[in-house]
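Novice: got a predicted structure here, sequence first:
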Amino acid sequence: MTAPRTVTVHTLDHGTLDIRCPDWCTGHEDTPQYRVDVVHVGPDEPLTLPTRRGPITNLATALEVRPFASETFLRTPFVNVEISGDWYPTGLAGLEAMADVLAEQAEQLRERARRLALLLHEGRR
């Protein structure tokens, strides 16, 4: 186990802060910010799909916590999910709900593949 890591963050409203970082945090911005904007962010973890032109990212996720946020939910670790260019802070229940819908959509895609296989087998165009 590694020793806790502390970083110094310069804020415009609370001066210099020494804050403890989770071991998964990849760093902080060097530019001054407000204390409420302090964010611990883990590495991006993309989810990709294969295409004829190569793999594409359809979702990206990153572990995050905002220790001074006004919204209580953001002060504990959550996963930020990027969909179509927007980020959605998501907790455990939300991730499970997204996974359930993705599983349903995977079945819909399999059904489309079965219909295509049938058309190809019958020689239809």
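Specialist: That came through, no problem.
Novice: which residue sits closest to Trp24, ignoring its sequence neighbours?
Specialist: Once flanking residues are discounted, Trp24 sits nearest to Gly42: 4.3 Å by Cβ to Cβ, 6 or more residues apart in numbering. In this view, the C-beta of every residue, glycine as well, is placed from N, C-alpha and C.
Novice: so the one you found is in contact with Cys25, correct?
Specialist: Yes: using Cβ atoms under 8 Å, Gly42 is in contact with Cys25, at 6.6 Å.
Novice: please enumerate the shared neighbours of the two.
Specialist: Contact with both Gly42 and Cys25 is made by no residue, according to Cβ atoms under 8 Å, 6 or more residues apart in numbering.
Novice: low-scoring stretches of this protein, by residue?
Specialist: Within the chain, the ranges that satisfy pLDDT under 70 run 1-3, 125.
Novice: for the residue nearest to the spatial centre of it, which residues are in contact?
Specialist: Among the residues of the chain, the one closest to the centroid is Thr61, at 2.0 Å (Cα atoms, centre = their mean). Counting by Cβ under 8 Å, 6+ apart, Thr61 makes contact with 44-47, 79-82.
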